[in-house]
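Enquirer: here you go, sequence then predicted model.
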Amino acid sequence: METRALHKRYGDKEALRGVGLAVRPGEMFGFVGANGAGKTTTMRIVMGVLEADSGEVLWQGRPMTFEDRRGFGYMPEERGLYQKMRVAEQIEYFGRLHGMSPAAARTATHDLLERLGLSERAGDPIEALSLGNQQRVQLAVALVHDPTLLILDEPFSGLDPIAVDTLAGVLAERRAAGVPVIFSSHQLDLVEQMCDSVGIISAGRMVAAGPVDEVRAREGRRQLKVVVRGAGPGWADDLPAEITHQNGVHVLRAAEADDQAILRAAMSAGTVEHFGWEQPTLTEIFREAVA
Amino acid sequence: MNDILLVARREIGVRARTKGFLISLAVSAVLVAALAMLPKLFAGNDSYDVGLVGSDSLRTAATTAATAQKVDLSFTPLPDEAAARTALLAGDIDAAVLDGRALLADGAVDRRLGVILQAGHTSVKTQEQLRAAGLDPAKVTEAMRVAPLTEQSVSPLRGDSSVRSGFAMLIVFVLFFLLMSSVTAVAMGVVEEKGSRIVELILTSIRPWQLLAGKILGLGVLGLVNLGVIIVAGLSAGVATGLTADLPDGVAGIVAGAVVWFLLGYAFFAVLAAGFGSLVSRQEEVGGVLTPLTTLLMAVYLVAFYAVAEPTGPLARVLSLVPPFSSMVMPVRMAATEVQLWELAVAAVAMLAAVAAVLAAGARIYRRAVLRTGARIRLTEVLR
Ligand SMILES: Nc1ncnc2c1ncn2[C@@H]1O[C@H](COP(=O)(O)OP(=O)(O)OP(=O)(O)O)[C@@H](O)[C@H]1O
Ligand SMILES: [Mg+2]
């Protein structure tokens, strides 16, 4: 799945200003960005619920069609279920809308409910479920037809840690089956753990994208972390790098600093407790990217 | 097509389970059955018990008069006036005749019974007085036998006019009730899906027109079920009270016509209701956005109501051809009077054309508006 130069304007507000992203089979893509950055808008355009002003959405290298989208699993940001309908009935209904046979829809529903720990609630109307459980049903609706692509808008919000693990497990299974998975989230640690690649969007533009490790390791973003016990203040003032200092921990931001020279300076200043290159966390990159 | 049926099946399955639907089904059936019985309730009794004190010469003559009026009379011989008074007060008899002299009742005598007994009395007394005057009662009767005037209608009106217009009125009432409730249900359903954002999910797997068609089809089937229940309830009430005997000829045709016109009217109003409904996102706004439509439906209802009173008037004749008025005025005319085949054809073709037109417009509004949640959307925004 790939988007190219998506533009979308609401009135005189430009929500998307050329969003391009790509997800390959078996890849899990974390879509992050500040509130109002354009994640939901992008995903709705991919699902065909919204029309882009310009740009294109490709599937297997050609423009995506309605028939392609029928095979996708989608979890919209605004959850929507028929409140009066029963849990199993509802999941089956969506399975059938995606073209499943009655028997296949029933089996898939049964299995999913089991997997998501909702078997006892199968006969209850949605409105009788807690919000978190409604969200599990929403997820089941997105998964029931064995989708060829998963697009989930903030699937983890509102879930307890156990449910988060369950969902992470379910998504990992789909990825292992070769399905591309895209989800947006504000829980960056989760994205870091789960995703193969990540895209950071800010004010309608992609500011960073690629495999998680690569984004983290990208030149100029490495940091040298040095902890020296007993060092006098100002020992690092003469070093050729931008330095921040906090409680005896010096973080040197330098892409190509002479780390050996710094190490020698540190050793002569006191007892070196920690010395090493570190990759910034996604949260740090995110803060910097959207600043 | 499969998807449409799937959507329709869901509508039926979910809505048929709701209390609201079952209650409206029961209420409409009971109401129509009661209305069908009403004429008989007002018509009063058709069997009376009469006490006779002394002479029972009245018996034969009164029975003859009663038979002519399709009324059953039975007689109870009583020993004296006191016994008659007791029986009247106890409600055992409806009236008592004292020896050809006086007529006793608890309050005023029932009008029909009074007429019958007076007629019997007159006939008995006339014979007695003829004999007393030395004339032969048989010859006098012979001389007074006259063929009644034959009755002919100069307009195409058929059957008993009060029963016929009652029947037409019932059709108007039922059609209005059903159209109003099904059309509201369509709009509410559209807004439910839009407001809960479930459309966003559904429309990734089926097309807007399929969702729309399925919903209208499903709710239409439920409306038809309701109509069927009403027809059965009404007709069985009619059979139970013997009213069906007085119905105009070709009841089956009239009922079938009403069903067809219901479907056409439903299609017309439901598509518009879905279009209008899709403009808003909250259930509270449905009433407001549907106002033009409900006003139109009311207007149709009022014209049809008027047509019951004057089924051959120019207003009824013209508007029975004009959609959407035809959907209620035409069935009224079919029940109340003779309708030319060409009129029926013109009305049907015009209505079908109107349905096709609103289908195009309604589906267009729906498709453009249903995914745009938030503030109410203006009609001009989506029709452009
Ligand atoms: N229907 C709309 N009308 C007008 N502006 C809109 C509409 N939907 C979104 N926007 C604007 O488009 C921009 C992108 O919104 P979007 O919902 O895609 O953000 P997001 O990244 O999903 O944010 P969040 O993390 O809060 O969910 C925002 O500035 C928002 O105000
Ligand atoms: Mg969002």
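Expert: That came through, no problem. Only a predicted model underlies this, so the values are computations on that prediction, with no experimental measurement involved. Ligands and ions are numbered 1, 2, ... in the order given.
Enquirer: so A:Val179 makes contact with A:Pro147?
Expert: Yes. Between A:Val179 and A:Pro147 there is a contact at 6.6 Å, judged by CB atoms under 8 Å. The way it works is simple: take the backbone N, C-alpha and C, and place the C-beta from them, glycine included.
Enquirer: which stretches of the stretch 51-200 of chain A form helices?
Expert: In the stretch 51-200 of chain A, helices defined by DSSP state H, counting those that start in this stretch lie at A:66-70, A:87-97, A:102-115, A:131-143, A:161-176, A:188-194, listed in chain order.
Enquirer: contacts for the shortest one?
Expert: Under the contact criterion CB atoms under 8 Å, 6 or more residues apart in numbering or on different chains, helix A:66-70 has outside partners A:Met47, A:Gly48, A:Trp59, A:Gln60, A:His98, A:Gly99, A:Thr148, B:Thr204, B:Ser205, B:Arg207.
Enquirer: what distance do you get for the fifth one to A:Asp258?
Expert: Look at A:His98 and A:Asp258: by CB to CB, to the nearest Å, they are 59 Å apart.
Enquirer: before we move on, which element is B:Val183 in?
Expert: Per DSSP states H and E, B:Val183 falls inside helix B:161-195.
Enquirer: grab the nearest non-local neighbour of B:Gly223.
Expert: Spatially, and ignoring its direct neighbours in sequence, B:Gly223 is nearest to B:Ser182 (4.0 Å; CB to CB, 6 or more residues apart in numbering or on different chains).
Enquirer: oh, I was asking about B:Asp72
Expert: B:Ser47 (3.9 Å).
Enquirer: so that neighbour touches B:Val71, yeah?
Expert: Yes. If you go by CB under 8 Å, B:Ser47 and B:Val71 touch, sitting 6.9 Å apart.
Enquirer: these two - which one has more neighbours?
Expert: B:Val71 (17 against 10; other CB atoms under 10 Å in any protein chain shown).
Enquirer: need the contact list for the more buried one.
Expert: So B:Val71 contacts B:Asn45, B:Asp46, B:Ser47, B:Tyr48, B:Arg112, B:Leu113, B:Ile116 (CB under 8 Å, 6+ apart).
Enquirer: around chain A, which positions in the stretch 51-200 of chain B sit nearby?
Expert: Counting by CB under 8 Å from any CB of the partner chain, the stretch 51-200 of chain B comes close to chain A at B:Glu192, B:Glu193, B:Ser196, B:Arg197, B:Ile198, B:Val199, B:Glu200.
Enquirer: the helix holding B:Val183 near ligand 1 at all?
Expert: No. Using CB under 6 Å from any ligand atom, helix B:161-195 stays clear of ligand 1, coming no nearer than 13.7 Å.
Enquirer: output the helix or strand just after that helix as CSV, nothing but the C-alphas.
Expert: Counting by DSSP H and E, the element after helix B:161-195 in chain order, helix or strand, is helix B:198-202. In CSV, the C-alpha atoms belonging to helix B:198-202 read as follows (Å, rounded to 0.1, in the frame of the first residue of the first chain):
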residue,chain,number,x,y,z
ILE,B,198,-21.1,3.3,11.5
VAL,B,199,-21.6,4.4,7.9
GLU,B,200,-17.9,5.1,7.7
LEU,B,201,-17.3,1.4,8.4
ILE,B,202,-20.2,0.1,6.2
